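Participant: below is the sequence, then the predicted model.
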Amino acid sequence: MIEHQRGEMKWLPWAGINLRRNPFGELSPEERAELAVVDVEPILARLSEQRVAVQFIGACGRGKTTRMLALLKHLPNASYTYLPEDAACPAIAMGDPILIDEAQRLPRYVRRRIWSSGISLVLSTHRDLRRSLRRSGYRVTTMRIGNGNTPSHVCQLLNRRIDASRLHTGSVPSLTLRAAECLVSRFGSDIRAMEHHLYEQLQKQVEQHGEVRSFDCVG
Amino acid sequence: MAKCDLSIVLDDPQGVHLSGGKITGVVKVQIDADVECKGLEVKSGWRTHGRGNVASGTAGTMTLFQGQWRAGETQEYRFELPIADWPPSYHGYYLSVDHYIDVRAKIPWAFDPKASEPFPVVANCEPEDAKIARNVTEIKGIVGVIVTVVILGFVVGFCVMLAAAGPFALFLLIVPVIGSIWWFFRKFLPKYLLGDVRFDFDAEHVSPGGTASGQLVIRPKKNVPVNAISLHFRAREQCVSGSGSNRKTHTHVFLDTQETIQQATTLTAGQEQTFPVHISIPADAAYSMELSDNKVIWSTTLRVDIPRWPDWVREIPLPVLPSGKTGSSKTNPDSTPKSTAPAKGGSESFGTPQAIPVGVMLDDPSFEEPSQTQITFEETANHIWDVREDREQVEMLVDAVSGLTFDLQAEIERRLLYAGEDDANVYEDGYAVWARYPDPDLPLVLYVPHELADEFEQIGREIWRGRGTIVGWDGLHGRLQIRVEVQ
C-alpha cells in the first residue's frame, strides 16, 4: 500500500508522492552499484587468493552487470571493461582484479593475453569460460545469476530504488511482497523486465491521476 | 550510520531560474559524531532521468569546508553557483531533465553523506547555443554522382565475384537486392514522375509560439495526377537504454498532426508549381534536445500521394529552439509559461528564452589553428577540457592539434593489458598507460616506447615529465592519445 505526502514543488511531476523522478528509469553506473542488493563478501574473500577467476553466468536482465559494478565499488585497484557487441574490443587496463563484462566477446588473442597475465579475474558471461581459464591455471568459481531473484529479493531491491528517488524526508510509495510475488510469477527472474513494467505503470499513474495508488503487476 | 546529515536550502526554493544565471543557498550540516571532513563539495548541474542512459553535465563546483567537525554542532555554509546554459528543465514521458544542487561530504573510511536538491530552470539562450545537431546536408551535385558511381561499381564488382564463386554464394545478394528494390520504388519511381522536388523551410529553426514557413516546389516531367499533398508534423522523445545486445530504443510521440496542403489535382508537365507550407508551433512546445542517448525531435514529413504509383515522401527535421535571451536572472514561477505539450502523454517543459557558448567554438573567427610556437600543452588541455562534453567539438579540436609535439607532465594511473583498436599506436615492444594531466584533470593515453619502459615502471603512480606528440582522441574512454617521444 502506498503512503504519500504532497510536496510543494508543483513543477516536479513526482513531488506529490515525495519522489524526484520515476524510480524505475535507467540509472548511472555509480548509482546502480550503490543500489545493488548483493552480498559481495564471499566474492571478495575468494578474490583475495592468487590466480582465481569468478564468472557470473546468466541471461540478460538478471543482474550480472549490477554485480560487477557493486564489486568494483569495493575494489579500488580493480579495472572494469564492458565489451560492446558491435564494436571492436576496447582497451583493457591492468587491475587487481580485472573485471570484464560480456567476456564471451573477448577476441581469442586478447583473451590469451589476459589469461596469461595470471591476474585474478571477475567475468560476466553468457558462455561458460571455465575450461579455457583452467587450462591457463586459474581456479574458477562459477555463479549462476538469476536463481536468487526471489520475491523477497525483488521486493527489497525495487524498494531500494524507490527510496533512492526520494525527494525529501517522509514516506514514499512502496512495493509490497505480494506485488513482488506477482512480478516474479509474470517476469520470472528478469529484473529489467520488471523495472520496465513498473516504469510505465508509474508514469501513467502520475500523468493520469497525479498520484500513485499502488504498484502491482497488472499491465 | 552516517556521522553527519546534509541538507540544502535554496534562497528561492519556489523560484524558476534562468539558464546561465546563478543560484544561491545554504548547505546545512548536522554533526552526530566527531569527524574529519576531507572536503564538503557542492556542485550545480543537470541530469537526465527516464528510460534513456543517463546524461549529465556540471556547471560549477565549490569546496565549502575542510577540517574537523564536532559532535552536536550544526554548521551552515553559503554557496553561489552558476546554472548550466543548456538544457532547460523538461519533464516528458521517457525523458526528463532536471537541474540539481548536489552536496557530498568526503569522510575518510566511511560512506560519504550526500544530499541533492532539484530546482527548475527555463532556457535563457540564443538558438545557436542550444546544443543540437542541425539539418544534415544531403550529398548533392557532382559529389553525389561520384558517390553513386563508386557504390554501384562496388556492388557490380561484388556480384561478379559472387557469380565466380558459384551459385550458392548468390544468397549473399539478398540484402543488396532488397536495398535496390527499396531505392527503386521509394526514390527512383517518384522522382521519375515528379522530377526534382525541392522543400525548404525559410529559417533553420523555429521558436515555441512561432510559425515555420517554407515552400514545396515541384516541376514534373509529365502531367501527374495527385490524390493529395499532405504534411505530417510530429514531435517525439527518443531514448536509448543499455548498450550492445541490450541496446533498446524507446520512442514516445507527444504531438502528431496531419494536414492537407493540396487536395486532389493534376500537376502540369514542365510547369513549376509552388505550395506554401506553414506550421504553427504551440506556445508551450518543448525544445528540441540532444543529450547523448536522449533526444526530443521535431520533424515534418511531406507526402505527395500519387495514384497507383509510389508516393514521394521526405522527412525534414525542424528544430524548435529558444528565441533569445531575456534580461533578469530569475523569474517568478507564476509568470513562467510552464506548459504541457498538447496531445497524448503530456510533456511538460519550461519554455522561455536564452545560453552561452561553452569553451572554444571552432567556427569562431577568433580561434586560430594552433601552431607549434603559439600554444602550450596546458592551453591545449584547457581548450579540450572546456568542450569535453561535446564530442564533436573535442574531435575537431584534437584534429587541429594532432601531430603537434609538446613538453608535458602526467600522473600515471595504470598500464593497459590491451590498448584496443588503437593498439596500432603502440610502439613495437612498447606499451600503453592511462594517465591524467594534473590541471585540468584531462585523461590521457600515453604510448610508451620500449626505451622508456623501465622509467615508466619505476615511476609507479607518480608524475612523469617528458615530451609527447598528440596522435588522436579515444572517444570511448574520453582520453587524449599521446605518443611519448624519446629525448
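Facilitator: Perfect, thanks for sending it.
Participant: just the element for residue B:469, please.
Facilitator: Counting by DSSP states H and E, the secondary-structure element that holds residue B:469 is strand B:463-474.
Participant: mind listing what residue 104 touches?
Facilitator: Using chain A. Listed by C-beta atoms under 8 Å, 6 or more residues apart in numbering or on different chains, the contact partners of residue A:104 are A:125, A:126, A:127, A:129. C-betas here are computed from N, CA, C, even on glycine.
Participant: hmm, no, I was thinking of chain B.
Facilitator: Contacts for residue B:104 were tallied using C-beta under 8 Å, 6+ apart; they are B:6, B:40, B:41, B:112, B:113, B:114.
Participant: once you drop chain neighbours, what's closest to it?
Facilitator: Excluding its sequence neighbours, the residue lying closest to residue B:104 (C-beta to C-beta, 6 or more residues apart in numbering or on different chains) is residue B:114, at 4.3 Å.
Participant: what do you get for residue A:144?
Facilitator: Excluding its sequence neighbours, the residue lying closest to residue A:144 (C-beta to C-beta, 6+ apart) is residue A:57, at 5.7 Å.
Participant: so for the strand holding residue B:469, mean pLDDT?
Facilitator: Averaging pLDDT along strand B:463-474 gives 92.
Participant: likewise stretch B:74-87?
Facilitator: Stretch B:74-87 shows a mean pLDDT of 95 in the predicted model.
Participant: tell me which residues in that stretch are buried?
Facilitator: Buried residues in stretch B:74-87, defined by neighbour count with 16 or more other C-beta atoms under 10 Å in any protein chain shown: B:75, B:77, B:79, B:81, B:82, B:83, B:84, B:85, B:86, B:87.
Participant: same thing with stretch B:265-272?
Facilitator: Burial within stretch B:265-272, assessed by neighbour count using 16+ other C-beta under 10 Å, is assigned to residue B:267.
Participant: what's next to it, contact-wise?
Facilitator: Counting contacts by C-beta under 8 Å, 6+ apart, the residues touching stretch B:265-272 from outside are B:194, B:217, B:218, B:219, B:220, B:221, B:222, B:223, B:224, B:225, B:226, B:273.
Participant: neighbours of the nearest residue to residue B:283 once chain neighbours are set aside, how many?
Facilitator: Spatial nearest neighbour of residue B:283, excluding adjacent residues (C-beta to C-beta, 6+ apart): residue B:209 at 3.8 Å. Residue crowding around residue B:209 was assessed by other C-beta atoms under 10 Å in any protein chain shown; the count is 14.
Participant: what helix or strand does residue B:209 sit in?
Facilitator: Using DSSP H and E, residue B:209 is not contained in any helix or strand.
Participant: ok but residue A:178 is inside a helix, no?
Facilitator: Yes - assignment of residue A:178 by DSSP: H, G, I helix; E, B strand; the rest coil places it within a helix.
Participant: count the residues that sit near it.
Facilitator: When counting by other C-beta under 10 Å, one arrives at 13 neighbours for residue A:178.
Participant: give the contact list for it.
Facilitator: Residue A:178 makes contact with no residue, according to C-beta under 8 Å, 6+ apart.
Participant: distance of it from residue A:185?
Facilitator: For residue A:178, the distance to residue A:185 under the criterion C-beta to C-beta, to the nearest Å works out to 11 Å.
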